Each structure stands twice: as C-alpha cells, then as structure tokens.
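# Give me the fold of what follows.
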Amino acid sequence: MSGDIERPDGIGMNNHNQDTKRTEERTASPAIESVELPNQVKLPYVEQGDPSGVPVLLLHGFADSWRSFERVLPHLPESIRAFALTQRGHGDASRPAAGYRVHDFAADLVAFMDVLQLEAAVVAGHSMGSSVAQRFAIDYPERILGLVLISSRATLRDRPGVREFWDSTVSKLTDPIDPDFVREFAESTFAQPVPHAFFETTVQESLKVPARVWRAAFEGGLEDDFSGELDKIKAPTLIVWGDQDATCPRSDQEALAALTGSRLVVYPGAGHALHCEEPDRFASDLAAFIEDLGEGGGNAVD
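A predicted model of the protein is given here:
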C-alpha cells in the first residue's frame, strides 16, 4: 500500500524531545575512515552507532560527499549503525579514469559492504545517490533491508532543462572549476536557510570534484534510465520529497510511490537538499522507517 503524508513543521518530533540535549551535544566531527575496495578504489566514510545496530548506508548526491549527511548524523539514535560514505570521484575518494555510471557506483556499494562484512543494509540515497540506491535494490535485492529515496527520480531523459544544462554548461567544464559556478549550483539545491559554515563546506567539497568527473557522472545520470525496472524493487521504500524541489517534480515521486510497500512523505517548503535543511525531521522519519522494518510493517511511515 502506498500513500503520502504532508507534515507541517514540528510534527513528529515529540518522540525525540527527551533526546534534544544529547543530540545538541553530539556536535564533534566524526572520525573519517577509509576503505580500499578490491578494484583499488578508496572510499572515505564515517561510522557511528551501535555496531550491532541496523546498518544504514547514506549516499550523497552529485558533486557532494559524506558531509551531505553531516547535519543528519547527530540526530540519529544509537540503535542505527550509520555509514555515510563518499562515492568514487567525489570529495576525497579515489578518482579513477572511468566508471561513473550508476551501476558502477552500485557495484562499489556492494564491494564496500563485503569489505565491512555487512550482509544487508538499509540504503538511503539523495538525488544521484538515490539513483544508485534504486540500482542497488534492483541488482542486489538480497542485500537490501529497506530503501530510502530522497529527492529522487527514475530517469532524467525526459527533462529538457537538464539536457540544456548539460549542453550549455556541464559538458564544457574544464579545470579549475569556477567557484562562482559551484556556489550557484549549491544554492540551487536549497529552498530554506542552512548554516553558513555548512554551506561553505558544501561548496568546498564540490570544488574537489575535477571537471572530468562532473562531466562523466552528469552524463551517466542523463543516460541511465531504469523507470521500466521499478517493479523489480521489492524492498520496503520510504520516499522523501520537498515541495519546493526545482529538480525532481511531484510527478516523479508519484511514479516512485507506485512501488509495493512504499510511502511518500512531503516536506512543505523544503528544497532538493531537504535532509540538509531539516536534518532533525529527516532523521526522525528515517528512524521511524527503520523501527517499522524491525516490527515487520509494510508501510514506511504511519
């Protein structure tokens, strides 16, 4: 059964009021670790939570890094064993000459799980990361406990605006990337204010991505289309979307919400990077989804 919930600010936070002080105190930056995959790609990641807790893999979007979830991590309960990782070509990860299609990122993810001996996990992805999460759910159904899609879509092929952005701008990028371009790109993902320091970190992380990776990953996103394979996704799915998202319209969310066992949650006033804008709310919804999985529920959010 699918459905959607539109939540005004503040609703759904009562269960976490008692943890407010603990959350505010968990502000120290987590230790950044690194893992080398069998293909020799090195991926930085941070890990927190109970080692025996439910594994949750957090996948950032295009030109971002693990720091996309930096504001979310302090709000997650200790029962969640969270891994926020930086994908190939991004941040401080390895930058191989090729391999920037969605299936390449998904193959890295399963290799990451193998190295860390994670049999199965909840996979939560934002934007490009949500495409990786969908591909992972299709190709490795036995390795996924649940799917969380943030600001997602199944294809970009039908977006003339995105194709125009590729033709006019991204396909022509060269090093060094213009910081003003990166700043404008980052600003376009937000509809609500975020802390200045966090925004500046976002810009600096994007500036680490070389022009060839911008081009390869963006073009890969344009070419990949698995809208005809969505029926292969059987994992319980939480779809989270901000109604001010200028990149992924409501129609995309409705298409994804047709998945069996899915639920769409709408954040009024939020933009494409809703988890950065409202990290406490997103963490609450993610925790509720995972708790429901443990209880064997078929719907992501009640």
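
# Where does Val122 sit, in terms of helix or strand?
Using DSSP states H and E, Val122 falls within strand 121-126.

# what's that strand packed up against?
If contacts are counted by 3 or more C-beta pairs under 8 Å, 6 or more residues apart in numbering; DSSP states H and E, strand 121-126 sits against strand 54-59, helix 128-139, strand 144-150, helix 279-294. (Glycine included, C-beta is placed from N, CA and C.)

# Let's see that with 10 Å instead.
On a contact count with 3 or more C-beta pairs under 10 Å, 6 or more residues apart in numbering; DSSP states H and E, strand 121-126 meets strand 54-59, strand 80-85, helix 102-115, helix 128-139, strand 144-150, strand 237-242, helix 274-277, helix 279-294.

# nearest to Ser262, of the ones you listed?
Among the helices and strands packed on strand 121-126, strand 237-242 comes nearest to Ser262, with 4.1 Å by C-beta to C-beta.

# What pairs with the strand holding Val122, parallel or antiparallel?
With DSSP bridges as the test, strand 121-126 is paired with strand 54-59 (parallel), strand 144-150 (parallel).

# Go through those and name the closest to Ala121.
strand 54-59 (3.9 Å).

# With just CA atoms, put the closest one into PDB.
Provided in PDB are the C-alpha atoms of strand 54-59 (Å, rounded to 0.1, in the frame of the first residue of the first chain):
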ATOM      1  CA  VAL A  54      20.700  -1.900  11.900                       C
ATOM      2  CA  PRO A  55      23.300  -0.900   9.200                       C
ATOM      3  CA  VAL A  56      22.300   2.100   7.200                       C
ATOM      4  CA  LEU A  57      24.300   3.300   4.200                       C
ATOM      5  CA  LEU A  58      23.900   7.100   3.400                       C
ATOM      6  CA  LEU A  59      24.700   8.000  -0.200                       C
END
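
# Make residue 1 into 47 and carry on from there
Yep, numbering from 47; the last one is strand 100-105 now.

# Check the gap between Leu103 and Thr235 for me.
For Leu103, the distance to Thr235 (C-beta to C-beta, to the nearest Å) stands at 21 Å.

# Pro123 too?
To Thr235, Pro123 is 27 Å away according to C-beta to C-beta.

# next one: Phe158
25 Å.
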